[in-house]
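Student: pasted the sequence and its predicted model underneath.
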Amino acid sequence: MAKKRTVVVVEDEDAIRRGIVDALHISGFETVEAADGITGLREARRSGVDLVLLDLLLPKMDGFDVLAELRVTHPVLPVIILTARGSEDDRVRGLRAGADDYVVKPFSARELLARIDAVLRRTPERPQPVVRITGGDIVVDCARREVIHGDRDRVPLSEMEAEILQRLAAHSGRVVSREELLACVWGLREGGVETRAIDMHITRLRQKLSGGSTEPLDWIVTVRGKGYMLGPGLQLTTEDAAAAPKSP
Ligand code: CA
């Protein structure tokens, strides 16, 4: 069975948001709700999101700003904006800002679902999230957020440590900057938190991964002045690959 797609619904009007969420559930989507722009941006940046429905007039951060911030870290994540009737400027501005499509309020569930299907159809498959990383006798279970050292102990990872590791794994082979990690992991705007905070989490992550081993595998490589990347020689298992052996 295909995995359920996840849609983040960013809409401050409760009745509209609930209506959209109900329609999506009936059609087999998973949903995440956000009633303001800042929460919406944070949720949209989490791993595993397939599409974002984005209202434009939102408390805390408006939809255009959310879209602009999101595009810095997620240039191809499908976004459909929800606009008020008659505001052609908004539609044009939204599309120029990188929205994939728009729906004009009030819209029917059928219309919305048709737009979502169309956008998802023309979106290349997103890379499968990495669920397990193996290096030597150390395994990281991303879903359970733990490091397993051989058959010895299990060390829990914090949500941030796990997100950092998954982000690096999703982009293995390239350097991920501190700013990108910060934006994705915290969902914060530039300047919100010192990028140095990332270094502290990386240090803790490395300690947990080495597990006191004298010759720890290089799980996370520091690229001076650029950021971090996942070390070579690690084996990545994606969601599909992990699920495959279970199917009859
Ligand atoms: Ca609104």
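Tutor: Received it, and whenever you're ready, just let me know what you need.
Student: residues touching I148, list them.
Tutor: 138-141, 154 (CB atoms under 8 Å, 6 or more residues apart in numbering). For every residue, glycine as well, the C-beta is placed using N, CA and C.
Student: the residues you listed in strands, which ones?
Tutor: 138-141, 154 (DSSP state E).
Student: and those, which are buried?
Tutor: 138-141 (16 or more other CB atoms under 10 Å).
Student: can you put the residues you listed in JSON lines and add distance to A99?
Tutor: Listed next are these as JSON lines, based on distance: CB to CB, whole Å:
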{"residue": "I138", "distance to A99": "42"}
{"residue": "V139", "distance to A99": "40"}
{"residue": "V140", "distance to A99": "35"}
{"residue": "D141", "distance to A99": "36"}
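Student: distance of the closest residue to the ion within the chain relative to R18?
Tutor: Here the residue of the chain nearest the ion is L57; by CB to the ion that distance is 4.0 Å. L57 sits at a distance of 18 Å from R18 (criterion: CB to CB, to the nearest Å).
Student: more neighbours, the two?
Tutor: A direct count of neighbours by other CB atoms under 10 Å for L57 and R18 places L57 higher, at 16 against 13.
Student: tell me the secondary structure at T31.
Tutor: Taking DSSP: H, G, I helix; E, B strand; the rest coil as the rule, one finds T31 in the strand state.
Student: wait, what's in contact with it?
Tutor: Here T31 is in contact with 6-9, 20-21, 24-25 (CB under 8 Å, 6+ apart).
Student: ok, longest helix in the chain?
Tutor: helix 196-210 (DSSP state H).
Student: mean confidence for that one?
Tutor: Computed over helix 196-210, the mean pLDDT rounds to 88.
Student: pull out the buried residues from it.
Tutor: Using 16+ other CB under 10 Å as the test for burial, helix 196-210 gives 197-198, 201-202, 205, 208-210.
Student: what mean pLDDT does the helix or strand containing R167 get?
Tutor: Assigned by DSSP states H and E, R167 falls within helix 159-170. The average pLDDT for helix 159-170 rounds to 86.
Student: other SSEs contacting it?
Tutor: strand 130-135, helix 178-186, helix 196-210, strand 227-230 (3 or more CB pairs under 8 Å, 6 or more residues apart in numbering; DSSP states H and E).
Student: get me the contact residues on the protein for the ion.
Tutor: Residues of the chain that fall close to the ion, judged by CB under 5 Å from the ion: 12, 55, 57.
Student: if we use 8 Å, what do you get?
Tutor: Proximity of the chain to the ion (CB under 8 Å from the ion) is limited to residues 11-13, 16, 55-58, 82.
Student: that's a strand at R174, yeah?
Tutor: No: under three-state DSSP, R174 sits outside any strand and is assigned coil.
Student: bridged to the residue nearest to it when sequence neighbours are not counted, which residues?
Tutor: Spatial nearest neighbour of R174, chain neighbours left out: M229 (6.4 Å); criterion: CB to CB, 6 or more residues apart in numbering. For M229, the beta-bridge partners under DSSP bridges are V221.
Student: how close does M229 sit to T222?
Tutor: 9 Å.
Student: also D36?
Tutor: 36 Å.
Student: do the same with G19
Tutor: G19 is 48 Å from T222, by CB to CB.
Student: can you list the domain ranges for this protein.
Tutor: As given by automatic domain parsing, the domain ranges for the chain are 6-121, 130-243.
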